[in-house]
Every structure is written in C-alpha cells, then in structure tokens.
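**Student:** Could you look at this predicted model? Sequence included:
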Amino acid sequence: MNGGPAEETCTPVVTHAIGTEHATALAGVLKALADPLRLRMLSALAADPRGEACVCDLAGLAEVSQPTISHHLRVLKDVGVLTSERRGTWVWYRIDASRRSAVTALLDAFAPATLLEQTAAGVGAEDAPRPDLDAQVTLLAQRLAVRTSALSAELVTGTVRDSFAALARTGRVSADLLPLTAAFAEQRLADLVRDRTRANHPARSEPEGTAPRPQLLFVCTANAGRSQLAAALAHHLSQGSVIARSAGAAPAARVHPPVRALLDELVGDEHPVFPKPLTDEAVRAADVVVTLGCGDVCPVVPGVRYEDWAVGNPALASAEGVAAIRDDLEARVRVLLASLHSAQEETG
C-alpha cells in the first residue's frame, strides 16, 4: 500500500514551544491579570496623567472596601506589574517602568482587538476581492499622478500601491478597499507635497496666496479610538482652520463602535473614517504630533512639536466612560487650538 499524507508520522517540534519555566512564570502573571477589577485598575493607572494613583483614587471603580482594593493592587505588585511607594497615610501605585510597553500592548492592542472581533462576529463573510482590483489600483495611481504634478509619476504610483498594500494587511478586503486606498493615498501625497514645500519654502506650506494652516497628527496604537476622536474634534472645533490627521502604530481593522457613533456626529459623511498606519511623511508634514499611549513610536523630526496625552481607551470603557473620554479630549484639543492661535498671532 502506497504511503500518503494520512500515513505521515506526526512529529511536533516541541523545542519551538515556550519553556516550562517561562510558561509557568507567564501563567502566574496572566492569572493575576485575569480579574475584571484588576484590569480596570490597570487601565485607570495607565490613563492617569499623573502616572500613579493611590487606593482612594481607585476606590470608585467598584463597590468594595478599600482593603479589597489594596489586596488587588498587591496582587498586581507581587507579579511585578506595579510598583508602590508609601507617602504618609496612603500607598501610591504606578505601572512598573519595565512593564509599561507590555501593559500598553495588552490594553491598547490585544484587549480592543479581542472585543472588536467579538462585536463583529456574525456580520457575514467579507466581499471577495474583485479580479480587476490591480487594474483599478493602476488607474487610481494614474489619476492621482495627473492631479499631483509636484511629485513624479513613479513616486505617486509607488505611494498608491504601498497604501493599498498597507490597508489590505491591516484591514478587511472588501468593496471599500479601493475608495479607502484613494483617501489614504491622497492624504499621503498631500503630506509629501507639504513636506517638500516646507523644505524649499520654510515660510509657506500651503498653496501660494492662501494662509498657512497648522497640521496636527494624533497617534495611538490602533487608530480606532482616541486618535480618531481627537482628530475629528480638532477639525470640528477649528471649523477647518487646521488640518487634522490621525494614524496608528498597529492599526485595527475597523474603528471601535462606540467611537464610530461619536465620529458620525462630528464629521458625518464629510470624510471617510478608517484606521490608517503611521507614515514618516505624516510626521514630517505635521506641526504638532500628539501621541496617546504610544509616545515611543513616532520618529523625532526637528521643528515638530510633540505632546503626549494620557487619556483612557474608549474601546474598553463604559458608555459613561466613553462620554468622559470625549469630554477630556475636547478640553485638551481646545487648549491646543488656543495655543496655535496665539502662536499665529505672535508671528503675524
């Protein structure tokens, strides 16, 4: 009898698995995190602008006693996620610096992605890619090359194809992919033109005869919540007097549903809203870059102003929490816009 796939010997490569000792240590940390109240405490600490909180600050998260709150905090401290410092009567807790990136990945990438996929379950199969998609991308590149005479046709074509590939990797392949590619590529091409114009004519980054508009870039991990909402608020509150962009270090497939409802109120159908990857040209074209939980992912460009805002993640918040995060972002955006207005008045 001839041998076939069914007769092949199963030889799992056990050496590629995580080691027993490391698995045991990791399981201990995950077990400590596997509690709703502890996860809420961790997210509150991550979003606290002070970078720390005491037991009394966290007592409002649940109707439990302060000793119970202290117990949960000590569990997180025992596995190395938190550190503590006693000051007088109270003990203050903060995320251990060595675990900050891991906590950010948990709260801003893994948790939202998990919840988002649960929300999207059952929405139906994605549209199959059309066989003429490549030809349509080519036509899109040709059309944008004609409209973007300041850049070479080769650069425009490369940007369009790279934009298509980036969105296809991070999002869902659907009937919307081509129009979203057009919107993303147009944004990137405008940023490239702005950057080159600024390099050649530092005093002018807008077309000749128009007043320069400050450009803001809001960046978070997934570009599915905070950064999208901050950019929409900046556009809405400034009445278009600033250019507001958003991007993500690891873009999600779609905007978080609670945020989508708020964006519909702010921008409606005026601009397509979808998660986009962070690009170098977006940073170089910006006057101000605001990071929200991912301050170490942006390249540092001379002349660009950087701010980091500690704001809660609406993907993980209650309805009341989402409203509070929106209000927090609005207050911060208003202060930012006022500072830009004052700077413009000073420069005449």
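**Tutor:** Thanks, I have it. Residues are numbered from 1 along each chain as shown.
**Student:** contacting residues around stretch 84-94?
**Tutor:** 45, 51-56, 70, 73, 76-77, 82-83 (CB atoms under 8 Å, 6 or more residues apart in numbering). The C-beta positions use only the backbone N, C-alpha and C, and glycine is treated the same way.
**Student:** Let me fix that, I meant to ask about stretch 149-167.
**Tutor:** Under CB under 8 Å, 6+ apart, the answer for stretch 149-167 is 137-138, 140-142, 144-145, 148, 177-178, 180-181, 184-185, 188-189, 192-193, 196-197, 274, 276-277.
**Student:** from those residues, which ones fall inside helices?
**Tutor:** Counting by DSSP state H, the contacts of stretch 149-167 place 137-138, 140-142, 144-145, 177-178, 180-181, 184-185, 188-189, 192-193, 196-197 in helices.
**Student:** hmm, back to that, state the pair within the contacts of stretch 84-94 that is farthest apart.
**Tutor:** 51 and 70 (19.5 Å; CB to CB).
**Student:** Between the two, tell me which one has more neighbours.
**Tutor:** More crowded of residue 51 and residue 70, by other CB atoms under 10 Å: residue 70, with 17 against 14.
**Student:** in terms of contact, does residue 321 touch residue 311 like I think?
**Tutor:** No. Look at residue 321 against residue 311 with CB atoms under 8 Å: they stay out of range, at 11.1 Å.
**Student:** and the end-to-end length of stretch 49-57?
**Tutor:** Terminal residues of stretch 49-57 are spaced 13 Å apart (CA to CA, to the nearest Å).
**Student:** if we look at it, which residues are touching it?
**Tutor:** 44-45, 48, 66, 69-70, 73, 90-95, 309-310.
**Student:** I'd like to know which of those are buried.
**Tutor:** 45, 48, 69, 70, 73, 92, 93, 94, 95, 309 (16 or more other CB atoms under 10 Å).
**Student:** returning to that earlier point: so of the contacts of stretch 49-57, which ones are in strands?
**Tutor:** Of those, the ones assigned to strands by DSSP state E are 90, 91, 92, 93, 94, 95.
**Student:** Tell me the one of those residues nearest residue 37?
**Tutor:** residue 93 (13.9 Å).
**Student:** how close does the closest one get to residue 87?
**Tutor:** Residue 93 sits at a distance of 11 Å from residue 87 (criterion: CB to CB, to the nearest Å).
**Student:** and residue 294, that's in a helix?
**Tutor:** No. Read with DSSP: H, G, I helix; E, B strand; the rest coil, residue 294 is coil and lies in no helix.
**Student:** okay, now it: neighbour count?
**Tutor:** Residue 294, neighbours per other CB under 10 Å, totals 24.
**Student:** same thing with residue 330?
**Tutor:** Neighbours around residue 330, by other CB under 10 Å: 16.
**Student:** what's near enough to touch it?
**Tutor:** 233, 237.
**Student:** For the strand or helix carrying it, buried residues please.
**Tutor:** For residue 330, the host element (DSSP states H and E) is helix 319-347. For helix 319-347, the buried set under the neighbour-count rule, 16+ other CB under 10 Å, comprises 321, 322, 325, 326, 328, 329, 330, 332, 333, 336, 337, 340.
**Student:** Who are the contact partners of the fifth one?
**Tutor:** The neighbourhood of residue 328, defined by CB under 8 Å, 6+ apart, consists of 311, 312.
**Student:** mind listing the helices for the stretch 1-150 of the chain?
**Tutor:** 20-33, 36-47, 55-58, 66-78, 100-105, 111-120, 133-147 (DSSP state H, counting those that start in this stretch).
**Student:** mean pLDDT for those helices: which is lowest?
**Tutor:** Sorting those by mean pLDDT places helix 111-120 lowest, at a mean of 58.
**Student:** Distance-wise, check residue 108 relative to residue 318.
**Tutor:** 18 Å.
**Student:** you'd agree residue 253 is up against residue 169?
**Tutor:** No. Under the criterion of CB under 8 Å, residue 253 is not in contact with residue 169, lying 10.3 Å apart.
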